[in-house]
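1. what would the 3D arrangement of this be:
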Amino acid sequence: MKRTITLLFLLTLTTIFSQNSSVTPIDLDFKQFLNCRDFTVSTDGNEAYFTVQNLIENRAVIVRTKKENGKWADFKIVSFTGTHRDIEPFLSPDNLRLYFSSNRPRANTKSNDFDIWYVERATTKDKWSEPINLGSPVNTSFNEFYPAVSANNNMYYTSDQFTKTRKDDILFAKWNGKQYDAPSQLATTVNSKGYEFNAYISPDESFLIYSIYKAKDGFGSGDLYISFKNDAGAFEQRKNLGAQINSDKMDYCPFYNTKTNTLYFTSKRIDNNYTPVSSLAEFQDFVNNYANGLSKIYKTTIDVSALKEIK
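-> Sure thing, here's the model as predicted:
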C-alpha cells in the first residue's frame, strides 16, 4: 500500500511538473562562481543572498545580489563575512534578519564548531548589524547548521548532536515570544537514523522541504523531500520530490518562494557525464559547463500545494 501511494505521488508530481519549467541554472551570471550554494530571496523577489566557497570548501563568504531588469546583478560580499566559513544564509519572512551558520568563535572562546548567528536591520534600506550569536538552547557544543524560520519565528535547523545513535537530524525550536524553548527532534516521518539536513520551512509552517542522504527511495546521493503538516499539527510521512527535480548527485539547500512557486536549490549534478570528447577544447567545455559536479544553484517552478492533495 505504501509503495502504491508513493508511485501515485510521483506520477502526480510528473504531471504537475510537465506543466511547468524544467530544472535550470538560476542565472548564467552565476557561472562566474566556481562553487556556490544556499540561495535565499526576499519576499519581493529583488534581494537575495547565497554562499560562495573555494574548491575544498574550507573558506566561504556570503554574497548579496539584486535583481535588475529580470537578472541577478551587483554581486557583493556582505560586510560581516570574509574571515571565517560563513554559510547557509536564510532571510526571515519580514526581511529584517539574516540567519546563517558559521564556525567563527564565540566571545571569550576558541571553539570552532558551527553555530547559528544572525544580523538584523531596522528597515530593508538599512545596513546589517554586526553578527549576533543566537545562543542557547539552540546553539550547543555540537554543530548547528542551516537555520530557517517561519513567520512566527519558530526555527528549524540541522544538528549533529545525536550522532552516537543517529546521523544529522532536523530539529525544531519554538519561539515563546521572548526566547526559544528547548529544541526537539522532528518525528520519524521526517527524521531517520540516517542523514537529514538543510530544511526549509514555509512561512506558515504548512510544509518542510529538506534533504536526505542515501535514502532507500532516493536516486543515488542526497535527495530533496517534502513533508506536509496535517490538521493535527504533525508533519506527515515525507515524500521524495522525484526524478524531475532530484538527480543521482547531491541535491540540497532548498528555498521556496511561495509567491512565485519557485523552488531554488543547490546541486552537484553533471551534464553529459559520459559523453565522449574528441579534443581538449571539447573536454574544457565539459569541465567548464555549469553542471560540472561542483555545487551550483538551480531553480524550477512547481506548485507544492497541489502535492498536498495526494494522500
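
2. CA only for contacts and neighbour counts going forward, please
-> Noted.

3. can you name the helix or strand that the nearest residue to residue 47 once chain neighbours are set aside falls in?
-> What sits nearest to residue 47 in space, not counting adjacent residues and going by Cα to Cα, 6 or more residues apart in numbering, is residue 66, at 4.8 Å. Assigned by DSSP states H and E, residue 66 belongs to strand 60-68.

4. from the contact counts, what lies against that strand?
-> Packing partners of strand 60-68 (3 or more Cα pairs under 8 Å, 6 or more residues apart in numbering; DSSP states H and E): strand 47-53, strand 71-77, strand 86-91.

5. burial-wise, tell me which of these comes out on top.
-> strand 86-91 (a mean of 27; mean count of other Cα atoms under 10 Å).

6. give me the contacts around the very next helix or strand once past that strand.
-> Using DSSP H and E, the helix or strand that follows strand 86-91 in sequence is strand 97-102. The contact list for strand 97-102, computed with Cα atoms under 8 Å, 6 or more residues apart in numbering, reads 84-92, 114-121, 144-148.

7. so, low pLDDT: which residues of the stretch 1-150 of the chain?
-> 1-21, 110 (pLDDT under 70).

8. what is the burial count for residue 276?
-> A count of nearby residues for residue 276, using other Cα atoms under 10 Å, gives 9.

9. run through the residues that contact the residue most central in space within the chain.
-> With distances taken as Cα atoms, centre = their mean, residue 253 lies nearest the centre of the chain, 2.2 Å away. By Cα under 8 Å, 6+ apart, the contact list for residue 253 reads 37, 38, 39, 88, 198, 199, 200, 210, 211, 265, 266.

10. returning to that earlier point: what angle sits between the strand holding residue 66 and strand 71-77?
-> 150 degrees (axes from the mean of the first three to the mean of the last three Cα atoms, to 10 degrees).

11. what's the pLDDT at residue 305?
-> On pLDDT, residue 305 comes in at 84.

12. again, but for residue 187
-> 96.

13. repeat for residue 308
-> Taking residue 308 on its own, its pLDDT is 80.
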